[in-house]
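>>> Predicted model and sequence follow; I will ask about them next.
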Amino acid sequence: MAQPNDDRVEGVHAFDDYDRVALVTGADSGIGRATAIRLAQEGFDIGVTFERDEEGVSRTEAEIREIGRRVSIRQHDLTDPVRGSQAITELIEDLGGVGVLVNNAGTGSGEPLLETDYERWRQVLSVDLDGAFLCAKAAATHMRDAGRGGRIVNITSVHEDYPRVNAGAYCVAKGGAKLLTRVLALELGLYGITVNAVAPGEIATPMTGQHEQEPVLDSRAGYPLSRPGHAYEVAGAVAFLSRPEASYVTGASLFVDGGLSLMGPQAGGALQDATWRAG
C-alpha cells in the first residue's frame, strides 16, 4: 500500500507554531463573547476587551476559566482608538504573546447620511475602522517580530458589500474594513500571518435588539434560511479561520448570513411598495 507523502515544501509549515493566545475585542456579549468561549474550547488562552458591560465580561471570564484556559481582561473605548488600542499591547504582555486577533468591537448607525453630523460619523468610523486598524497593527507587529505567523479575523458585516438605508456610516466603515482586511493580507502574507473577514448577516445579539435571545425559526421570510443567526454560528467560522489548517486562506470574506446576500435582486423584485426607503 502506498504511504502518504510526508514531504513538506520548505517554508509551508514554518508558521504553524503561533502562540495559542487569542485576543477578542468587544467580548462582553454577542458575537465577541461567543467567539472568546469557542476559541477557549479550541485550546487558546484568551484576552478580552469590553467597553462598559462589566457584568457581561465577568460572565465571559467565568466561562473561559471553567473551560480551563487563562484569561485576561482590559476595558477600552475605541471612540479614542489610539488610546483604546493600547489594550491589545497590554493583553499581549499579560498573556505572553498573541497568535490570533479577532477585531469584533463595533458600533452601528441608524440615521440617514444627510442627518448624520460629523461627530457621529467620526464616532462610527473611529470604532469600526480606525480601531480595527490600530488593534491589527499592534497584534501583527508582535506576530511579525515573533516569526511564527498568526491569524487576524475582522468581523465586518454583509454591509461590507451591500448598503442599507439609514446605516450609511456603518456601511462605509465595514466597507473600509473589508479593504483593510485585503491590504493587510497582501502585506502580512510574507510573515505567515493570514487576515480574513467574517461578514455576518442578522445575528441575534444586542446590536440587533435581540439580547441573549434564541433565533426564532421561520421569522424572516426574506432569508433563504428563514431566521436570524446565532452568535455561535459566527464564532464557528472565526474558529475555522483561526486554526493552522486555514493557513492557505487569506484576504477572504466569509459570509455567515443565512443566504441573505443572495436575495438582492430577488427581494427587490418582490417588493410591493416603497416603505424600504424609510429603513
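Thanks, I have the structure now.

>>> and residue 258, which of the three is it?
Residue 258 carries the three-state label coil when classified by DSSP: H, G, I helix; E, B strand; the rest coil.

>>> next one: residue 102
Once three-state DSSP is applied, residue 102 turns out strand.

>>> quick one: contacts for residue 86?
If you count contacts by C-beta atoms under 8 Å, 6 or more residues apart in numbering, residue 86 has them with 76, 138. Heads up, the C-betas are built off the backbone N, CA and C, glycines and all.

>>> Please, which helix or strand holds the spatially closest residue to residue 246 that is not a sequence neighbour?
Distances taken as C-beta to C-beta, 6 or more residues apart in numbering place residue 240 nearest to residue 246, at 5.8 Å, with adjacent residues excluded. In this structure, residue 240 sits in helix 231-242 according to DSSP states H and E.

>>> Could I have the CA atoms of that helix written out in CSV?
C-alpha atoms of helix 231-242 as CSV (Å, rounded to 0.1, in the frame of the first residue of the first chain):
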residue,chain,number,x,y,z
ALA,A,231,-23.7,34.2,17.7
TYR,A,232,-22.1,30.7,18.0
GLU,A,233,-22.6,30.2,14.3
VAL,A,234,-20.4,33.2,13.6
ALA,A,235,-17.9,32.0,16.3
GLY,A,236,-17.6,28.7,14.4
ALA,A,237,-16.5,30.5,11.3
VAL,A,238,-13.9,32.5,13.3
ALA,A,239,-12.6,29.3,14.9
PHE,A,240,-12.0,27.7,11.5
LEU,A,241,-10.1,30.8,10.2
SER,A,242,-8.0,30.8,13.5
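
>>> returning to that earlier point: and the gap between the residue nearest to residue 246 and residue 202?
For residue 240, the distance to residue 202 equals 21 Å [C-beta to C-beta, to the nearest Å].

>>> more crowded one of these two?
Taking other C-beta atoms under 10 Å, residue 240 and residue 202 do not tie; residue 202 has more neighbours (19 against 16).

>>> was I right about that one contacting residue 229?
Yes: applying C-beta atoms under 8 Å, one finds residue 202 in contact with residue 229, separated by 6.7 Å.

>>> show me where the stretch 151-279 of the chain has strands.
For the stretch 151-279 of the chain, applying DSSP state E, counting those that start in this stretch gives strands covering 193-200, 253-256.

>>> Out of those strands, which is closest to residue 165?
Among those, strand 193-200 comes nearest to residue 165, with 18.9 Å by C-beta to C-beta.

>>> got the strands of the stretch 151-279 of the chain as CSV, with mean neighbour count, mean pLDDT and distance to residue 178 columns?
Listed next are the strands of the stretch 151-279 of the chain as CSV, based on neighbours: other C-beta atoms under 10 Å; pLDDT from 0 to 100; distance: least, C-beta to C-beta, whole Å:
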stretch, mean neighbour count, mean pLDDT, distance to residue 178
strand 193-200, 26, 98, 6
strand 253-256, 20, 97, 6
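
>>> just so I know, which of those lies nearest residue 108?
With C-beta to C-beta, the closest approach to residue 108 among the strands of the stretch 151-279 of the chain belongs to strand 193-200: 12.4 Å.

>>> Could you tell me how far the closest one lies from the centre of the chain?
Put simply, strand 193-200 sits 7 Å off its chain's centre (C-alpha atoms, centre = their mean, to the nearest Å).

>>> strands paired with that strand, and their directions?
Sheet pairing for strand 193-200, assigned by DSSP bridges, gives strand 150-155 (parallel), strand 253-256 (parallel).
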